[in-house]
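K.L.:
next comes the sequence, and after it the predicted model I'd like to discuss.
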Amino acid sequence: MADLQEASITLPSEPASVPAARRYVGELLTEWGLPCAAETAETVRLIVSELATNAVQHTFGLSPTFTVELRLEEDEALRVGVTDSHPRWPQRLPAAVQQDNGRGMVIIRSLAAESGGRVSVVPTPEGGKTVWIALPWTGAPVQG
């Protein structure tokens, strides 16, 4: 059993990078023992898709790249982070606001809560931020 598995990918902040990030995460989770069809794998792919979309759409071109990082800690907790260099943190919209977008963080928080996880946002030393999702790990033990 490995105490810590880590992997990351940095992609350009453009729409084509969203499915690339989702594919990367799906392949990595399979490698780490979580079947592609598992509900947790689908939840993580959806969370990454929403976070990557936020990094592309809401940084207003001020973050040329974003990084997706995954950490599997002691085969018990999976941490997924998406980092961009824009200083603006995710905003919660009032429930009464009627618009077609801006619901990504609501979806992410709901998915994390349904899976027994939590969401946090931390600043980076460079002035950006990382949105972290921590989830219980339900895959097979990772061989190190």
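P.N.:
All right, it came through fine. Values in this document were obtained by computation on a predicted structure and should not be read as measured data.

K.L.:
next, the buried residues of the strand or helix carrying G81.
P.N.:
Assigned by DSSP states H and E, G81 belongs to strand 77-84. Within strand 77-84, the residues that count as buried by 16 or more other CB atoms under 10 Å are 78-84. C-beta here means a position set from N, CA and C on the backbone, and glycine is covered the same way.

K.L.:
what does stretch 115-132 give?
P.N.:
Residues of stretch 115-132 classed as buried under the neighbour-count rule (16+ other CB under 10 Å) are 115, 117, 119, 128-132.

K.L.:
look at the residue nearest in space to the middle of the chain and give its secondary structure.
P.N.:
The centroid of the chain falls nearest to V48 when counting by CA atoms, centre = their mean (3.7 Å). Assigned with DSSP: H, G, I helix; E, B strand; the rest coil, V48 falls in the helix class.

K.L.:
what is the worst-scoring helix or strand of the chain on mean pLDDT packed up against?
P.N.:
Ranked by mean pLDDT, DSSP states H and E, the weakest helix or strand in the chain is helix 104-114, scoring a mean of 89. Identification of packing neighbours for helix 104-114 by 3 or more CB pairs under 8 Å, 6 or more residues apart in numbering; DSSP states H and E yields helix 39-57, strand 118-123, strand 129-136.

K.L.:
can you name the residues that contact the residue nearest to the centre of the chain?
P.N.:
By CB atoms under 8 Å, 6 or more residues apart in numbering, the contact set of V48 is 21-22, 25, 68, 80, 82.

K.L.:
quick one: pLDDT of T124?
P.N.:
Note on T124: pLDDT of 95.

K.L.:
try V142
P.N.:
58.

K.L.:
so, low pLDDT: which residues of the chain?
P.N.:
Applying pLDDT under 70 to the chain picks out residues 1-2, 92-102, 140-144.

K.L.:
still on that earlier bit, let's have the buried residues of stretch 115-132 in JSON lines, adding distance to E74.
P.N.:
Converted to JSON lines, the buried residues of stretch 115-132 look like this (distance: CB to CB, whole Å):
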{"residue": "S115", "distance to E74": "18"}
{"residue": "G117", "distance to E74": "16"}
{"residue": "V119", "distance to E74": "21"}
{"residue": "G128", "distance to E74": "28"}
{"residue": "K129", "distance to E74": "26"}
{"residue": "T130", "distance to E74": "21"}
{"residue": "V131", "distance to E74": "23"}
{"residue": "W132", "distance to E74": "17"}
